[in-house]
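> Would you be able to build a 3D model of this:
(3 chains)
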Amino acid sequence: MSVVDRQEWDVVVVGAGGAGLRAAIEARERGARTAVICKSLFGKAHTVMAEGGIAAAMANVNSHDNWQVHFRDTMRGGKFLNQWRMAELHAREAPDRVWELETWGALFDRTKDGRISQRNFGGHEYPRLAHVGDRTGLELIRTLQQKIVSLQQEDKKETGDYESRLKVFQECTVTRVLKDGSRVSGVFAYERETGRFFVLEAPSVVIATGGIGKSFKVTSNSWEYTGDGHALALLAGAPLLNMEFVQFHPTGMVWPPSVKGILVTESVRGDGGVLRNSEGKRFMFDYVPDVFKEKYAESEAEGDRWYEDPDHNRRPPELLPRDEVARAINSEVKAGRGTPHGGVFLDVSTRMPADVIRRRLPSMYHQFKELADVDITAEAMEVGPTCHYVMGGIAVESDTAAARNVQGLFAAGEVAGGMHGSNRLGGNSLSDLLVFGRRAGLHAAEYANTLAARPTVDEVQIDTAAAEALRPFSAEGTEASAGPPENPYTLHQELQQAMNDLVGIIRREGEMEQALEKLADLRVRAWRAGVEGHRQFNPGWHLSLDLRNMLLVSECVARAALERRESRGGHTREDHPAMDREWRRVNLLCALTDPAGQKATDPASGQIDLTRETTEPIRADLLALFEKEELVKYLAEEELYE
Amino acid sequence: MSGYTAHFKVWRGDVKGGGLEDFKVDVNEGEVVLDIIHRLQATQAPDLAVRWNCKAGKCGSCSAEINGRPRLLCMTRMSVFTPEETITVTPLRAFPVIRDLVTDVGFNYTKAREVPSFVPPADLAPGEYRMMQEDVDRSQEFRKCIECFLCQDTCHVVRDHEENKSAFAGPRFLMRVAELDMHPLDAAEASGLDRKRTAQEEHGLGYCNITKCCSEVCPEGIHITDNALIPLKERAVDRKYDPLVWLGSKIRRRGADS
Amino acid sequence: MATDTGTDSDTDPDPDERGGVRTRTRAAIDAPHLRTDRWWLAPAATAAGLLAFIVYSTWRAFANADYYAAPYVSPFYSPCLADNCAPMRNGPNADLFGSWWGISPAIIILVFPLGFRLTCYYYRKAYYRGFWASPPACAVAEPHKKYTGETRFPLVFQNLHRYFFYAALLVAGILTYDTVLSFRDEHYNWGHMGLGSLVFLLNITLIWAYTLSCHSCRHIVGGKLKHFSKHPVRYRAWQWVGKLNARHMQLAWASLVSVGLADFYVYLVASGAFDDPRFF
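Predicted coordinates for the structure are as follows:
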């Protein structure tokens, strides 16, 4: 059985988005032989969907900007639940990571004096987002991809082989992280094209698989976002952090149905777009929460002046952090002031000349023209919230990106938790990928390079993984009494519907309990998910395997959301609508109930255990960056005294 | 237009053989061809292989041929067809087929590696780069490329002549050469790399007979021929066929040698 | 206008192996294409249009007659460089070739505009598609076994386009002079204008627009620069030529028709079939 192809590498990076590629580049440059595995073709990662920009306090446009301000904005956006050391590292290192991209050939939009232009974005005090029109993610991916090619060209010159030190295994899926005791020993994967299994032996594994959006019905995420990395870490014994925080981006397309959820970039608002309800009212002025009252304009006139004169006016409330805007839109629609297709209007057509819109928002123009037959230079867009990003993720050590409990396991990017607290600011995602991608690659390489002896791969684990992966082909034969095999597509649709309706943007205790019941039911049925045909590029089979991951992650989200009895950032409880200072000190950790034993394969029982953990106190010099009056809104009494 | 039943012909098979299979499938308002392919997967052909990713025309994964024309499945709206029309979907026909609508696009990754990368200027540290917007505009247009490889698929140089694949990089990667040659800070020349020469001698620029199919199929609307390939040809002419330039470079090179 | 496009029909080494889209590794589809639209319309129309012009211009170029009707000289015969040219006062005559040149003097000069158009990036596309079916249309299999494009003789000479562009500038200059001359009457008195002057004016405008919209021109004017920011004037010029260049195809056709029309007008007047209406 276990006659699978085996190769030895120093570092294996799972995922080839921004974080994965940045990690791979760093690991290779630190001398580690590095393999990258990704589900799609090289260069197609979900990072290309990022439109707005990369947040980095380079102060090219407003000289007042610096890392401290960026840190402050990030903490405010995350409602102080951020792993503060990550937010600090992120704010300090982001400019270097952006400048480095230029040396690899990236071409950002320029300021008049030839520096990298920066644009305004929700929650950022100053124009801070380095951008390329509205296709910044594409530029990022292409630049990293081309840097990898350039390293491969160097290797070719030296060794005669492009792939001697850095290889991309494209269209391959990892189903298990293999272990030697508590240490990582490699990964088990299959080639999507042929269905062939293979094992990459490596002492270091960097997980950079992105998010979990495909568990929700309305999402801006692609099919890849099935929470693979979250599940791999869980199954390997590493805990997940604060999985209840799921960001619903306020502006997704709502029509036509087939594109519902596709993102409408925040730059539309950053560049002057305004939100109106069906009565034509700019409703966001009614939704500025107390903690942000001093920072946002009180009248339309002031908000409009801000675009021209940001130093003497406050920004319009359309640029509040995403969680606030998403909730506001949700409320307007519920109150019957929505558009015909159940969204609100986002309008740039009356605020900018057509040619400026086409120049500054080319992909949006294109997207609406092609997909919805709407000309955004002449009419308003209809938008509504869409599942966009998960703030929760693998619990990592801030400096090294190392996962807990499992030596040799690292995580970076969306799959890692902590950095964004309870809500991520726009633009902080791409910078997160670069800063922590690099750190993960660096420490993964260091760990691999300094290891005395390589861990060994356990044959039994390979056999188990292979059997698990082949299960969908024999689903029919296993339990004849249980009826015909389940259609994985149907299961997926039911899961998405349940998560969307029951653990969505506004959450209620009863519904989440219902969701957990539904998940248990789906878990039993997924055990019998079966597919036809053979292993060669079989999407039904692939989906059957991904279901395991989506179900695990969904359970984490539902359990954590049920537990946290407050509303904060990407977690809104109708039954606990206020933010509670006491909860700021609480991290919720998810781990497998029974990591090694039989329970893990018993679908009926819940698989996730929750534990509470007290957050680490914020360092004094960082706290000193805030006004006392602001801190009292977030921190509990005891924390303030310290 | 609300729902109706459409007639689809989808190529199914692998390298050993295959053919067009008929399907009757529901179509709803506002859908694109990729939605229909997904409906086929979910209801009639669970193992129908197709590549896709973002479903918003940004990643360039779902390239295929619809009624014989290279297109992105996610950006082809069903409303461009009449309900009576039979819609034929096949894999890209310039590349080896793997299964159903999925082809082996390895050719493109091979070619990508053959183009020498950006050469950073030796005297500038990160953060010191200064470039004017008008100087980056041209290369930025080419960097809009989502690498869907539709241009590579439609280009008759390789589509109709398998044997040219080794000598010809294809529009996407000739455009990459142009992008780098127009990059305001690319220091290739200082490092002894003449991109204009290699475009012609190593990437097969001369094979291009500027029949513009690459521009015609580009989902990003990049003017590949007018803005990349022809300027590159003109730059090669500067180097190779302009006697004055040729003479000048000879003299300069001799000056540098001595 | 048709020429060897570097494709030749050497016998296939392996008759079983059908190339192109029917190569064995590719999806097994027998049809050379699956397009359902009228893809053949564009190449057919192009071929028909070009063919019509070739027939007309060949007839007129070799006719060696009816090309001058004071004050109008046919653009096919300007400048007229042989001894056997019709006399034209102040006209574009220069007896460079002397009396040994026996055939039509149009042949001498037509080489240049012909070469310019033959190597033009637009016309290349047009005749490669229309006449040579290389390819006939996008994603429609071409009928040739081999293809080397513009890599070798004779098509490598397409790279000479820029020199024809320089020549075309001269020719356009001379035609401009002819247009100025057309503001005389048949007795060579200045300050007059007839319908022919309008035809000439239209023609020369289109000729200039076509010539300046040329891809080589765009390159020479500014396209070759690496840093536009250091050459603001050339950058402006490049942008302006770029705008024209976007219409290169339309200008190619419009100027082709107008040059034929100008010649035909002169023919009508010179042969006496039509009387040039004079405005003043």
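> Tell me which helix or strand in chain B has the weakest average pLDDT.
Ranking every helix and strand in chain B by mean pLDDT, DSSP states H and E puts helix B:243-257 at the bottom, with a mean of 62.
> Give the burial count for A:V174, as a bare number.
The tally of other residues near A:V174 (other Cβ atoms under 10 Å in any protein chain shown) stands at 26. (Glycine included, C-beta is placed from N, CA and C.)
> does it count as helix, strand or coil?
Under the three-state scheme (DSSP: H, G, I helix; E, B strand; the rest coil), A:V174 adopts strand.
> where in chain A is pLDDT low?
Where chain A drops to pLDDT under 70, the residues are A:1-3, A:475-482, A:595-605, A:642.
> Now for whichever residue of it sits closest to chain B: which residues touch it?
Taking Cβ to the nearest Cβ as the measure, chain A has A:P256 as its residue closest to chain B, at 2.2 Å. Neighbour list for A:P256: A:371-372, B:29-31 [criterion: Cβ atoms under 8 Å, 6 or more residues apart in numbering or on different chains].
> What of B:G206?
Listed by Cβ under 8 Å, 6+ apart, the contact set of B:G206 reads B:200, C:148-152, C:156.
> hang on, the earlier thing: tabulate the contacts of A:P256 in a markdown table, adding columns for neighbour count and distance to chain C.
Putting those into a markdown table (neighbours: other Cβ atoms under 10 Å in any protein chain shown; distance: Cβ to the nearest Cβ, whole Å) gives the following:
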| residue | neighbour count | distance to chain C |
| --- | --- | --- |
| A:L371 | 22 | 22 |
| A:A372 | 20 | 25 |
| B:E29 | 14 | 23 |
| B:G30 | 19 | 23 |
| B:E31 | 21 | 20 |
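> Out of those, list just those in helices.
Members of the contacts of A:P256 lying in helices (criterion: DSSP state H): A:371-372.
> Could you give the number of residues near residue 97?
Assuming you mean chain A. Here the number of neighbours of A:R97 (other Cβ under 10 Å) works out to 22.
> Not quite, go with chain C.
As a burial measure, the neighbour count of C:F97 was computed by other Cβ under 10 Å and equals 15.
> What pLDDT does the model give it?
With respect to pLDDT, C:F97 scores 84.
> ok, for it, nearest residue in space, not its chain neighbours?
Residue nearest to C:F97 in three dimensions, not counting chain neighbours: C:A82, with 4.3 Å by Cβ to Cβ, 6 or more residues apart in numbering or on different chains.
> need the strands for chain B, in chain order.
Across chain B, reading from the start of the chain, the strands by DSSP state E fall at B:4-14, B:17-27, B:63-66, B:69-72, B:86-90, B:97-99, B:102-103.
> Of these, give the one that comes closest to chain C.
strand B:97-99 (4.1 Å).
> which residues touch the closest one?
A:193, A:536-537, B:13-15, B:18, B:49, B:91, B:103-104, C:25-28.
> Most neighbours among these, which one?
Counting neighbours by other Cβ under 10 Å, the top entry in the contacts of strand B:97-99 is B:P91, with 30 neighbours.
> wait, what's in contact with that one?
Applying Cβ under 8 Å, 6+ apart as the definition, the contact partners of B:P91 turn out to be B:11, B:64-65, B:97, B:100-103, C:27.
> Go through those residues and name the one nearest chain A.
Using Cβ to the nearest Cβ, the contacts of B:P91 come closest to chain A at B:V102, 5.4 Å.
> for chain B, what spans make up the helices?
Under the criterion DSSP H, helices of chain B are mapped to B:33-43, B:106-114, B:133-143, B:150-154, B:156-159, B:171-182, B:195-201, B:213-217, B:230-240, B:243-257.
> can you redo those helices as JSON lines with mean neighbour count and distance to chain A?
Output for the helices of chain B, formatted as JSON lines (neighbours: other Cβ atoms under 10 Å in any protein chain shown; distance: least, Cβ to the nearest Cβ, whole Å):
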{"stretch": "helix B:33-43", "mean neighbour count": "21", "distance to chain A": "4"}
{"stretch": "helix B:106-114", "mean neighbour count": "18", "distance to chain A": "6"}
{"stretch": "helix B:133-143", "mean neighbour count": "20", "distance to chain A": "4"}
{"stretch": "helix B:150-154", "mean neighbour count": "28", "distance to chain A": "13"}
{"stretch": "helix B:156-159", "mean neighbour count": "28", "distance to chain A": "19"}
{"stretch": "helix B:171-182", "mean neighbour count": "26", "distance to chain A": "8"}
{"stretch": "helix B:195-201", "mean neighbour count": "21", "distance to chain A": "13"}
{"stretch": "helix B:213-217", "mean neighbour count": "24", "distance to chain A": "15"}
{"stretch": "helix B:230-240", "mean neighbour count": "22", "distance to chain A": "17"}
{"stretch": "helix B:243-257", "mean neighbour count": "10", "distance to chain A": "24"}
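> Could you dump these into a markdown table and include distance to B:P70?
Converted to a markdown table, the helices of chain B look like this (distance: least, Cβ to Cβ, whole Å):
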| stretch | distance to B:P70 |
| --- | --- |
| helix B:33-43 | 13 |
| helix B:106-114 | 14 |
| helix B:133-143 | 19 |
| helix B:150-154 | 4 |
| helix B:156-159 | 9 |
| helix B:171-182 | 12 |
| helix B:195-201 | 24 |
| helix B:213-217 | 5 |
| helix B:230-240 | 21 |
| helix B:243-257 | 38 |
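> Helix, strand or coil: sort out the residue of chain A at minimum distance from chain C for me.
Scanning chain A for the residue nearest chain C gives A:G114, at 8.1 Å (criterion: Cβ to the nearest Cβ). Three-state call for A:G114 (three-state DSSP): coil.
> Now it: phi and psi?
Summarising the backbone geometry of A:G114 under the convention degrees, to the nearest 10, its torsions are phi 90, psi 10.
> ok, it - contacts?
A:G114 makes contacts with B:130-132, as judged by Cβ under 8 Å, 6+ apart.
> One more: A:L635?
A:80, A:581, A:584.
> if you set the cut-off to 10 Å instead, what comes out?
Taking Cβ atoms under 10 Å, 6 or more residues apart in numbering or on different chains, we find A:L635 in contact with A:80, A:581, A:584-585, A:617-618, A:623, A:626, A:641-642.
> Equivalent analysis for A:R507, please.
For A:R507, the residues meeting the contact criterion (Cβ under 10 Å, 6+ apart) are A:244, A:246, A:515, A:557-558, A:561-562, A:564, A:567, A:571-576.
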